[in-house]
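**Student:** Here is my input, please return the structure:
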Amino acid sequence: MHRTAKGKLATAVVTVLAVTAIPLASASAAPSAPSAQSAAAAAKDSFYTYDGSKPLASYAPGAVLKTRTLSYHVLGIATPVKAIQLLFRTVDAQGRPSAGVTSIVRSPGSDGSKAVSYQSFYDSLDPEHAPSRAIAGDVSLGGVIANGESLLMAPLLLAGYNVVIPDTEGQTANFAAGPEYGTTTLDSIRAAGQAPETGLNASTRFGMAGYSGGAIATHWAAVLAPSYAPDVNRRLVGYAEGGLLVNPAHNLKYISGSSIWAGVAPMAIIGAARAYDIDFTPYLNSYGLDVFKKLQKGSIVNALGQYPGLTWKKMVKPQYANPNSVRPFIEAVNKLNLGSAAAPQIPGYIAQGNGGVFEGTLSNLPGIGTGDGVMVAGDVRALARQYCDKGDTAIKYQQFELLSHVGAAVPWAPTALGWLNDRFAGKKAPSDCGRIPAGNSLAPEVPTSGS
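**Tutor:** Below is the predicted model of the structure:
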């Protein structure tokens, strides 16, 4: 990268960091609600709608449908950084044609040979909280996470990587629907290489990174790449992730009654129901119906700490007290269980916290064990060992014993960047296979008698 390009980038990044860090330094500084103006602008943004004359199904996955260039915004404030946004063809959780959106930030001086697909942990059931909306200037409480993640873009750009940021949950915000996250991510990479404005092409090498909800997208993309997008799989150097959801049925039990994370359970159920066209209302009691109604467009900020002590039993009718008696639920969580999916063909770095007691979640549940407060460490270890047993790829596994879900993200980020740097440099991927402690069973859930 030329010195002038580095200087321009450094100035732009400093601006982004300043605009981001000041409001996020205190929770009270975050916007309390979407402004009427920004909400209206988001709802009327025609860029998100495919309105072409040809059927969407006639386009190949990854085909670019629309392109625009705009200033990268942080909390509604335009910065000197430019972003290229693409509307592209992809598929939803059921394989039906759909349109997705991704944002590309170019690193000045880069020759387009390398990029990182960064998957956001925006975790929301509202499409207007997607990263592309925040980048375009929309301001909302649910979108504050996507704004805050601008802090994570800076090191990647300064390291010379072009950064691709897909709206992983699709345009209906199907929270926790891992397979849809994965196909959207892969088609975003395809699209980024087809638009001349991005400076990327079909030969650009990619690394993938994401934490928490971003780890769901990152991992499912790595899992699905060999079968769904072999053209992308050949260009992937590896994936770096932390705080991974492996078996949702275990997570439901793990966060049950939690003082902080319990509200994520109904969010995940709503997202799965939306992705697979499931009507959960027949199983819910009056309280459950109220919770589901409130969270239909809720984000992680509407769930954390706001439903302390919430359990499955509190939301369902007495005859459905056992989650396995609700067949549609079991069918959905089994589709989202990474333990039953194929193994990635590229090396991975997987980090996981194990200090969940610090985030209000009970520890050492029978058959589940401990975790970071929302993700189950035993599930993540089991998945890593499963890949090691197949012997196809190198897996670096790091468990932070005293760190919670939020805390483990702090050491994960710089370690992930260093790990990706080494993969792009062609260094042999490190492996912890043979040293990863035993984990849980990842066998599919078995439905009991019920409907």
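**Student:** domains of the chain?
**Tutor:** Split into domains by automatic domain parsing, the chain comes to 3-242, 246-451.
**Student:** Out of these, which one sits most buried?
**Tutor:** A comparison of these by mean neighbour count, using mean count of other C-beta atoms under 10 Å, puts domain 3-242 on top with a mean of 21. In short, each C-beta sits where N, CA and C put it, glycine included.
**Student:** pLDDT below threshold where in the chain?
**Tutor:** Low-confidence segments of the chain (pLDDT under 70): 1-43, 358, 360, 362-363, 450-451.
**Student:** tell me the contacts of the residue nearest to the spatial centre of it?
**Tutor:** Nearest to the mean C-alpha position of the chain, by C-alpha atoms, centre = their mean, lies Gly214 at 2.4 Å. By C-beta atoms under 8 Å, 6 or more residues apart in numbering, the contact set of Gly214 is 118-121, 168, 241.
**Student:** what does Gly178 give?
**Tutor:** For Gly178, the residues meeting the contact criterion (C-beta under 8 Å, 6+ apart) are 216-217, 219-220, 245, 336, 338.
**Student:** just checking, Ala115 touches Ser203?
**Tutor:** No - shown here, Ala115 and Ser203 do not form a contact pair, counting by C-beta atoms under 8 Å, at 11.2 Å.
**Student:** Run through who's touching stretch 56-70.
**Tutor:** Counting by C-beta under 8 Å, 6+ apart, 47, 50, 52, 82-91, 97-99, 135-137, 183, 186-191, 194-195, 197, 228-229 sit against stretch 56-70.
**Student:** Let me know the secondary structure of the nearest residue to Ala136 once chain neighbours are set aside.
**Tutor:** Sequence neighbours aside, Leu70 is the residue nearest to Ala136 in space, at 6.0 Å (criterion: C-beta to C-beta, 6 or more residues apart in numbering). Per DSSP: H, G, I helix; E, B strand; the rest coil, the secondary structure class of Leu70 is strand.
**Student:** Could you measure from Leu70 over to Ala63?
**Tutor:** Look at Leu70 and Ala63: by C-beta to C-beta, to the nearest Å, they are 21 Å apart.
**Student:** cool, Pro108 as well?
**Tutor:** 28 Å.
**Student:** now do Glu169
**Tutor:** Distance of Glu169 to Ala63, given as C-beta to C-beta: 20 Å.
**Student:** List phi and psi for Thr185.
**Tutor:** phi -60, psi -50 (degrees, to the nearest 10).
**Student:** how about it, what does it touch?
**Tutor:** By C-beta under 8 Å, 6+ apart, Thr185 lies in contact with 117, 119, 166, 168, 208, 217-218, 220-221.
**Student:** again, but for Gln398
**Tutor:** With C-beta under 8 Å, 6+ apart, Gln398 has these contacts: 349-352, 412, 415, 432.
**Student:** let's see it at 10 Å
**Tutor:** By C-beta atoms under 10 Å, 6 or more residues apart in numbering, the contact set of Gln398 is 242, 349-353, 408, 411-412, 415, 419, 432, 436.
**Student:** Please name every helix or strand in contact with the strand of greatest length in the chain.
**Tutor:** Scanning the chain for the strand with the most residues, using DSSP state E, yields strand 77-91. Here strand 77-91 touches helix 3-24, strand 64-74, strand 97-105, helix 131-136, helix 150-158, strand 162-166, helix 178-192, going by 3 or more C-beta pairs under 10 Å, 6 or more residues apart in numbering; DSSP states H and E.
**Student:** Out of those, the one nearest Phe329 is which?
**Tutor:** Of all the helices and strands packed on strand 77-91, it is helix 178-192 that lies closest to Phe329, at 15.6 Å by C-beta to C-beta.
**Student:** Need the CA coordinates for the helix or strand following the closest one. PDB is fine.
**Tutor:** Later in the chain than helix 178-192, the nearest helix or strand by DSSP states H and E is strand 205-211. Output of strand 205-211 as PDB, limited to C-alpha atoms (Å, rounded to 0.1, in the frame of the first residue of the first chain):
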ATOM      1  CA  ARG A 205      -8.800 -14.800  -1.800                       C
ATOM      2  CA  PHE A 206     -11.100 -14.600   1.300                       C
ATOM      3  CA  GLY A 207     -10.900 -15.100   5.000                       C
ATOM      4  CA  MET A 208     -14.100 -15.200   7.000                       C
ATOM      5  CA  ALA A 209     -14.500 -13.900  10.600                       C
ATOM      6  CA  GLY A 210     -17.400 -13.400  13.000                       C
ATOM      7  CA  TYR A 211     -18.300 -13.600  16.700                       C
END
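**Student:** who does strand 205-211 pair up with?
**Tutor:** strand 114-119 (parallel), strand 236-242 (parallel) (DSSP bridges).
**Student:** Could I have the CA atoms of the shortest one written out in PDB?
**Tutor:** Read that as strand 114-119. Extracted in PDB, the C-alpha atoms of strand 114-119 (Å, rounded to 0.1, in the frame of the first residue of the first chain):
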ATOM      1  CA  LYS A 114      -7.400 -10.400  -0.600                       C
ATOM      2  CA  ALA A 115     -10.500  -9.600   1.500                       C
ATOM      3  CA  VAL A 116     -12.200 -10.600   4.700                       C
ATOM      4  CA  SER A 117     -15.900 -11.400   4.900                       C
ATOM      5  CA  TYR A 118     -16.900 -10.000   8.300                       C
ATOM      6  CA  GLN A 119     -20.200 -11.300   9.600                       C
END
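**Student:** gap between stretch 409-429 and the chain center?
**Tutor:** Centroid separation between stretch 409-429 and its chain, computed with C-alpha atoms, centre = their mean, to the nearest Å, is 19 Å.
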